[in-house]
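Q: below: sequence and its predicted model.
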Amino acid sequence: MEKDTGIERERERRMGSTTWLWRGLGTAALACLLLLLAGFGWALKDQWMPTAGMAVPEASPPPAATGGSLAGKPEILIAALGDSLTVGTGDATGNGYVKTAAEALAKAMDKPVRVVNNLALGGLRADQLLERLDDTGFVNAIRQADVVMLTIGGNDLFQFATNGGSMAQGSDISPAQLESRLPEAENRLRDVLAKIRSLNGTARIVYVGLYNPFYDLERIRVEASDIVQRWNAYAHHLAVADGNATVVATYDLFESDIARFLSSDHFHPNEAGYARIADRIVQVLQ
């Protein structure tokens, strides 16, 4: 019995030692875990509870354009907006007037000229452009631009004249219908130019005037020409009131031998037509 009691005591002693060993290991592991969590929390405390001057900054907006003449700038930044004419539709090279004018201006002024972004979209109307001018991409491009180039209004006038139809649908053009809605289109142009100016108070705004792609259609030649001329005159009025905007005349570029400068769709310029527009833009910017 004494032997059994001794064995039992030894067993209890060993079990007690094992229990204390596991308790010690558990306590040590818990202490390490708490220490790790404390270190992790300390590392993130400035993000969880930022103190003054320690908050994570938001993404910085692009630098705004500075004032002054283009001649005094080391680099000229261009933002392009508007419809298919600014896209360059009809030019097989894909350059359109924007890229062609930028390259020619760089040579003429002997300095870098960069197109920040060409945000034009085929078929865009002035009222649709006005809505897009609140988008971040448009705002950032316009704010840093030294020059804002745009074409807009042609789709407004055409849709008014065809009651929302298209050439592909064989819509008839009604000069009388267009004339009745011309004030509405003019108000759209006014709002677009005002919005651009509110986003950038110093940029040179270059508005490419409209031409009459139907000059060779005798039935509507005179009426359509008169309305386009009135439109361009109103655009010029807005540019003069702005003080730092220019309307680039294009009407006379397509008035004679129009087929030579229009693409196969008989509506958009071809490479030669866009090159003529680009030449005019460079002339007004030098």
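A: Looks like it arrived, so ask away.
Q: just checking, Val116 is part of a strand?
A: Yes: under DSSP: H, G, I helix; E, B strand; the rest coil, Val116 falls within a strand.
Q: let me know the pLDDT of the residue minimising distance to the centre of the chain.
A: Nearest residue to the geometric centre of the chain (Cα atoms, centre = their mean): Phe138, 3.3 Å. At Phe138, the model reports a pLDDT of 98.
Q: packing partners for the helix or strand harbouring it?
A: Using DSSP states H and E, Phe138 maps to helix 136-144. Using 3 or more Cβ pairs under 8 Å, 6 or more residues apart in numbering; DSSP states H and E, the elements in contact with helix 136-144 are strand 76-82, strand 113-118, helix 175-199. C-beta here means a position set from N, CA and C on the backbone, and glycine is covered the same way.
Q: partner strands of the second one, with direction?
A: Here the strand partners of strand 113-118, with direction, are listed using DSSP bridges: strand 76-82 (parallel).
Q: which other helices and strands does the helix or strand just after the helix holding Phe138 contact?
A: The helix or strand immediately downstream of helix 136-144 is strand 147-151, counting by DSSP H and E. Applying 3+ Cβ pairs under 8 Å, 6+ apart, one finds that strand 147-151 contacts strand 76-82, helix 84-87, helix 96-109, helix 175-199, strand 204-208.
Q: count of residues packed around Val116?
A: 20 (other Cβ atoms under 10 Å).
Q: kindly apply the preceding question to Gln286 instead.
A: Neighbour tally, Gln286, other Cβ under 10 Å: 11.
Q: what about Arg190, distance to Ser198?
A: According to Cβ to Cβ, to the nearest Å, Arg190 and Ser198 sit 13 Å apart.
Q: before we move on, back to that, dump the helices and strands packed on strand 147-151 into JSON lines; add mean pLDDT as well.
A: Putting the helices and strands packed on strand 147-151 into JSON lines (pLDDT from 0 to 100) gives the following:
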{"stretch": "strand 76-82", "mean pLDDT": "98"}
{"stretch": "helix 84-87", "mean pLDDT": "98"}
{"stretch": "helix 96-109", "mean pLDDT": "98"}
{"stretch": "helix 175-199", "mean pLDDT": "95"}
{"stretch": "strand 204-208", "mean pLDDT": "98"}
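Q: so which of the ones you listed is nearest Ala120?
A: Closest to Ala120 of these, according to Cβ to Cβ: helix 84-87, at 3.5 Å.
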